[in-house]
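Student: curious how this folds, go ahead:
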Amino acid sequence: MTQAPTSPVQPTPPLLEATDLSQRYGGREVLRGISFQLAAGESLGIIGESGAGKSTLARLLMALERPAQGEVRWSGDTVHALPAHALRVRRARVQMVFQDPYSSLDPRWRVGRSITEPLHLLSMSPDQRAQRLQEVLAAVQLEPDVAQRFPHQFSGGQRQRLAIARALVTRPSLIVADEPLSALDVSVQAQILALLRDLQRREGISLVLVSHDLPAVEVLCEHALVLRQGEAVEHGPTREVLGDPRHAYTQALLAALA
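Tutor: As a prediction, the model looks like this:
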């Protein structure tokens, strides 16, 4: 008996893919030709000094801006080609943590409302939203009663935990964290770093960490991308990029820590 031909197995597309990304502001090119891929469960640190283009790249990856050139794909879909409603729904799977937690916590709302606000896109019942709120507060090591308080009633470290809870609430596949440690005291930085590492391991979330903090990238990220004046000068496994850097700029960044 002749067997029917089998269809070839299609490879799973990367969770996140940037292809030839460039951006200009007022005629000035701030990002040039950035390309990389990130598979599900992987983590990438984007490294560079202030003005290197790190935050611009983060905004492009989140589809908060449209690139001057190139494209961003989430699980194979070009994000800027998605209809507005489809993009809003897809954002549930790709969340962001900002340097300033007030960027994601409305100071007029109790924090429970801010955290669960993204769940309205997922057609969850009030009971389901309440249950998920308690789950993410526990995940970031905060007590349930904090949901009734306002952002100004918390310390900087607590507000960043709340911002992380908000990013987690939709069960995302990917979190983009833009300098999540830089506004915090050193002791609090260590706590948030440990929290992010624990969440990565426990939840299996992919992470893009934008940071000038090389030790944090070394702890959290398998891969590293070094930006200098809008260009990628080095990209590879973190242990190689930071352990045996080839580019003089990366070498200088590491020398500054010594």
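
Student: quick one, strands of the stretch 51-200 of the chain?
Tutor: Applying DSSP state E, counting those that start in this stretch to the stretch 51-200 of the chain gives strands spanning 69-74, 77-78, 94-97, 174-178.

Student: chain center to the second one: distance?
Tutor: Meaning strand 77-78. Distance, stretch centre to chain centre, for strand 77-78: 18 Å (C-alpha atoms, centre = their mean, to the nearest Å).

Student: any idea of the pLDDT on the residue nearest to the spatial centre of the chain?
Tutor: Geometric centre of the chain, nearest residue: residue 176, 0.7 Å, by C-alpha atoms, centre = their mean. Looking at residue 176, its pLDDT is 96.

Student: hmm, back to that, would you turn the strands of the stretch 51-200 of the chain into TSV with distance to residue 230?
Tutor: In short, each C-beta sits where N, CA and C put it, glycine included. Converted to TSV, those look like this (distance: least, C-beta to C-beta, whole Å):
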stretch	distance to residue 230
strand 69-74	12
strand 77-78	22
strand 94-97	21
strand 174-178	16
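
Student: and the residue nearest to the centre of the chain, what does it touch?
Tutor: Each residue near residue 176 by C-beta atoms under 8 Å, 6 or more residues apart in numbering is listed here: 58, 61-62, 94-97, 207-208, 210.

Student: go with 6 Å
Tutor: By C-beta atoms under 6 Å, 6 or more residues apart in numbering, residue 176 lies in contact with 58, 61-62, 96, 208.

Student: which residues sit against the lengthiest helix in the chain?
Tutor: The helix that spans the most residues within the chain, counting by DSSP state H, is helix 186-203. For helix 186-203, contacts defined as C-beta under 6 Å, 6+ apart pick out 157, 160, 181, 207, 216, 220.
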